[in-house]
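**Q** My questions are about this predicted structure, shown below with the sequence.
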Amino acid sequence: MLSKQSQPSPSPHAARSPLRGRSGHGLGLGDIAGEGVSLQMGSEPCIYKAWSSGRGGLLSTHHTSARQRGEAPPALPAAEPRVGSDLPMGSRLLLLLLLLLQAVWKGAPGKSHSLHTRGIVELAGAISCGTGRSPLAYIGYGCYCGLGGQGWPKDKTDWCCHRHDCCYDKAEKAGCSPKAQRYQWACEQNAVRCDNLTDQCEKMVCLCDQEAAKCWGSAPYNPHFILWPDFLCGQTHPTCHFRYGGAE
């Protein structure tokens, strides 16, 4: 352990774990850690690191200088309601990159995937609000989370994704474009609020994301199903009349 005199200044970015792909090699989501942020509180430099781990989405805070002296770390400011999409730009770019990579992994002959960055950002914000996890944790989870979808959902979280797909399908049949729809929303106490929307399509898409975020927030998250390969999903798939546990 470095002494206080020889300890280097904190790095502005936390180290990211290697990424694994569906076969266990290459890019993946299993070991993605959040962003490391270097903060200055008074005269004491601190490093905050946050990451999603398992079901609970663990949050770890490291105070380098205060902890060494045995002092209590400074209190963090109280969380305020968030409005709209507040994902950091770096997280947005990484999200889009991984969606592009997943389109390659899950692509099939004769089946095209179109990326709509606006709708993706709104949905990503809703996921973060409702679950406390990074939206990246749901790309390629099970058989229905992310791009595409086939077979039978693997667990309750995967059923939430299947239900969300059905909700978007319903919006498309109503003449809306849910994957490209922007809307104003608020995040209050880990819940998506769509109260002030008057446009029919904005309201419909926001309610889809609201229901999905609530569903994901109450569902267990199993890292075993991250980047689940399509060939293990099978060919039998439920219709939109089915929910987790049986038909409506």
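**A** Nice, I can see it.
**Q** going forward, measure contacts and count neighbours with C-alpha atoms only.
**A** Fine.
**Q** Break this structure into its domains for me.
**A** For the chain, automatic domain parsing gives the domain ranges 1-78, 82-97+113-247.
**Q** how much space is there between the residue nearest to Trp216 when sequence neighbours are not counted and Cys145?
**A** Excluding its sequence neighbours, the residue lying closest to Trp216 (C-alpha to C-alpha, 6 or more residues apart in numbering) is Thr157, at 5.7 Å. Distance from Thr157 to Cys145, counting by C-alpha to C-alpha, to the nearest Å: 8 Å.
**Q** again with His224
**A** Going from His224 to Cys145 by C-alpha to C-alpha gives 14 Å.
**Q** So these two - more neighbours on which side?
**A** Cys145 (24 against 11; other C-alpha atoms under 10 Å).
**Q** ok, that one - contacts?
**A** Cys145 makes contact with Tyr138, Ile139, Asp158, Cys161, His162 under the criterion C-alpha atoms under 8 Å, 6 or more residues apart in numbering.
**Q** Confirm that it lies within a helix, as I assumed.
**A** No. Looking at Cys145 with DSSP: H, G, I helix; E, B strand; the rest coil, it is coil, so not inside a helix.
**Q** Looking at it now. What's its pLDDT?
**A** pLDDT for Cys145: 93.
**Q** any idea how far Lys214 is from the residue nearest to it when sequence neighbours are not counted?
**A** Excluding its sequence neighbours, the residue lying closest to Cys145 (C-alpha to C-alpha, 6+ apart) is Cys161, at 5.1 Å. Separation of Cys161 from Lys214 (C-alpha to C-alpha): 12 Å.
**Q** now Leu207
**A** Using C-alpha to C-alpha, Leu207 is found at 10 Å from Lys214.
**Q** Residues contacting stretch 207-221, please?
**A** With C-alpha under 8 Å, 6+ apart as the contact definition, stretch 207-221 has outside contacts at 54-55, 123, 126-127, 129-131, 156-157, 160-161, 163-164, 167-168, 191-194.
**Q** which sections of the protein are below the confidence cut-off?
**A** For the chain, residues meeting the criterion pLDDT under 70 lie at 1-118, 245-248.
**Q** circling back: look at Cys161 and Lys214 and report which has more neighbours.
**A** In this view Cys161 and Lys214 are compared by other C-alpha under 10 Å, and Cys161 has more residues nearby, 24 against 19.
**Q** and the host helix or strand of Cys167, what other elements does it pack with?
**A** In this structure, Cys167 is located in helix 156-173 according to DSSP states H and E. The contact analysis (3 or more C-alpha pairs under 8 Å, 6 or more residues apart in numbering; DSSP states H and E) places helix 156-173 against helix 200-218.
**Q** Kind regards, and thank you for your time.
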